[in-house]
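K.L.:
Predicted model, plus sequence, below.
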Amino acid sequence: MPKVVLVTGVSRYLGGRMARILTEDPTIERVVGVDVVPPRLDIGGAEFVRADIRNPIIAKVINAAEVDTVVHMGVIATPMQAGGRMSMKEINVIGTMQLLAACQKAPSVRKLVVKSSTSVYGAGPKDPAMFTEDMEPKHTPTSGWSKDSVEVEGYVRGFARRRPDVAVTTLRFANFLGPRVDTPMSSYFELPVVPMLLGHDARLQFIHEDDGLEAMRQATLDSHPGTYNVAGDKILLLSQAARRAGRPTVMVPAPLAGGVGALVRRLGLADFSPEQVRFLTYGRGVDTTRMRTVFGFTPQHTTPETFDAFVKAHKLNRIMPPERLEAVEDQLVSLLTGRGVTSG
């Protein structure tokens, strides 16, 4: 059982909640939360230490506290969160390298839990219906968060080989969604008009924020070394999700997707990156058999239930003000006029 737990990324919503959840467990004596800026939310009885995991000083924090369990939630999903793509990559990849180097040298560390993403499987037309944990991507990610996640997992596997005495658990989460968590997918479905690529209807899976945190909690308290897909049951098509959210759609030809993404980013509406465009073109499905049978975890919310909880909390299926809808439509039409765009 863990006694002293270090949680990275506590200034963000999921990391902060994870730290608070762990402080509520009476078997854990001490929780240390680290980040470069103070937490925005209450982290309970956790001790906050201002530290940058990209800096070797993180080793001093681990050694001074005699940390036995490290919960790595410091991987950032969008450049907007990090202040740019270069900063995002440094935090995700260089930060993970420094953290693992510190863990490797710390004799007290006995467990590592890593929050990863199903984005490591990429997205493309050759994908299987469902990815299992043992499958290689058919379309290897080449940019953004997906590429960072692949590199992070590679460093984690190297650490596991060098420290076989440490139980390493990697959880590959589907897109987080729920009443409070802010993600690229939540921003996308909050757009007044949802862009869809013409001729495509992506398959989507979600994990409810409460279920995802419970999976992280179980991985921290129990011993389940290995890699696991974590997602809610069932799949939603992108068109179905847009209808559930009460959002009109605009069909965009593939050659114009980059321009629409740039427009959405320029307007500050969502972080519509090239990898996000690819995912919303092809989608992704993952098999969760190992999560249930080996890890022993069953989410309480299906993918449709998770999406509906998000819609209800954000009141997305209300009729929106016509002037807001018209303003965004005008922006899109001005970019795409005469290019075969249709609305739905």
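P.N.:
Ah, there it is.

K.L.:
Quickly find the element holding the closest residue to residue 106 other than its chain neighbours.
P.N.:
Sequence neighbours aside, residue 62 is the residue nearest to residue 106 in space, at 4.8 Å (criterion: C-beta to C-beta, 6 or more residues apart in numbering). From N, CA and C alone the C-beta is placed, and that goes for glycine too. If you go by DSSP states H and E, residue 62 is part of helix 57-65.

K.L.:
same question, residue 250
P.N.:
With DSSP H and E as the test, residue 250 turns up in strand 249-252.

K.L.:
what's the answer for residue 259, then?
P.N.:
Assigned by DSSP H and E, residue 259 belongs to helix 257-266.

K.L.:
which residues in the chain form strands?
P.N.:
With strands called from DSSP state E, the chain shows them at 4-8, 30-35, 47-50, 69-72, 111-117, 167-173, 175-177, 194-197, 203-204, 206-208, 226-230, 236-237, 249-252, 342-343.

K.L.:
ranking these by mean pLDDT, which is last?
P.N.:
Ranked by mean pLDDT, these bottom out at strand 342-343, with a mean of 48.

K.L.:
Low-confidence bits of the stretch 51-200 of the chain, can you list those?
P.N.:
77-85 (pLDDT under 70).

K.L.:
still on that earlier bit, can you tell me which of the strands of the chain is nearest to residue 184?
P.N.:
In terms of C-beta to C-beta, the element of the strands of the chain nearest to residue 184 is strand 175-177, at 7.8 Å.

K.L.:
As a check, name the ranges of all helices in the stretch 151-300 of the chain.
P.N.:
Along the stretch 151-300 of the chain, the segments classed as helices by DSSP state H, counting those that start in this stretch run 184-189, 209-221, 238-244, 257-266, 274-282, 289-290.

K.L.:
Going by neighbour count, which residues in the third one are buried?
P.N.:
For helix 238-244, the neighbour count (16 or more other C-beta atoms under 10 Å) marks 238, 241, 242, 243, 244 as buried.

K.L.:
tell me which of the residues you listed is nearest to residue 7?
P.N.:
For these, the nearest to residue 7 is residue 241 (31.2 Å; C-beta to C-beta).

K.L.:
The closest one and residue 204 touch, don't they?
P.N.:
Yes - between residue 241 and residue 204 there is a contact under C-beta atoms under 8 Å: 6.0 Å.

K.L.:
which residues are in contact with both of the two?
P.N.:
Counting by C-beta atoms under 8 Å, 6 or more residues apart in numbering, the contacts common to residue 241 and residue 204 are residue 307.

K.L.:
in its sheet, what does the strand holding residue 250 sit against?
P.N.:
Strand 249-252 pairs in its sheet with strand 194-197 (parallel), strand 342-343 (antiparallel), by DSSP bridges.

K.L.:
Now do the closest residue to residue 287 other than its chain neighbours against residue 232, distance only.
P.N.:
Distance criterion C-beta to C-beta, 6+ apart; nearest residue to residue 287, sequence neighbours excluded, is residue 130 at 4.2 Å. Counting by C-beta to C-beta, to the nearest Å, the separation of residue 130 from residue 232 is 14 Å.

K.L.:
for residue 225, same thing?
P.N.:
With C-beta to C-beta as the criterion, residue 225 and residue 232 are 24 Å apart.

K.L.:
same question, residue 67
P.N.:
32 Å.

K.L.:
quick one on the thing from earlier: list the residues that contact the residue nearest to residue 287.
P.N.:
Counted by C-beta under 8 Å, 6+ apart, residue 130 has contacts 285, 286, 287.

K.L.:
burial of residue 136, as a residue count?
P.N.:
Neighbours of residue 136 under the rule other C-beta atoms under 10 Å: 9.

K.L.:
again with residue 273
P.N.:
Residue 273 has 22 nearby residues by other C-beta under 10 Å.

K.L.:
my read: it touches residue 144, true?
P.N.:
Yes - between residue 273 and residue 144 there is a contact under C-beta under 8 Å: 5.3 Å.

K.L.:
would you list every one of the helices in the stretch 1-150 of the chain?
P.N.:
Under DSSP H, counting those that start in this stretch, the stretch 1-150 of the chain gives helices at 13-23, 57-65, 79-82, 85-89, 95-105, 144-162.

K.L.:
from those helices, which stretch is densest packed?
P.N.:
Across the helices of the stretch 1-150 of the chain, averaging neighbours per residue (mean count of other C-beta atoms under 10 Å) puts helix 13-23 on top, at a mean of 24.

K.L.:
got the angle between it and strand 111-117?
P.N.:
150 degrees (axes from the mean of the first three to the mean of the last three C-alpha atoms, to 10 degrees).

K.L.:
thinking again about what came up before, among the contacts of residue 130, which one has the most neighbours?
P.N.:
residue 286 (22 neighbours).

K.L.:
distance of it from residue 141?
P.N.:
15 Å.
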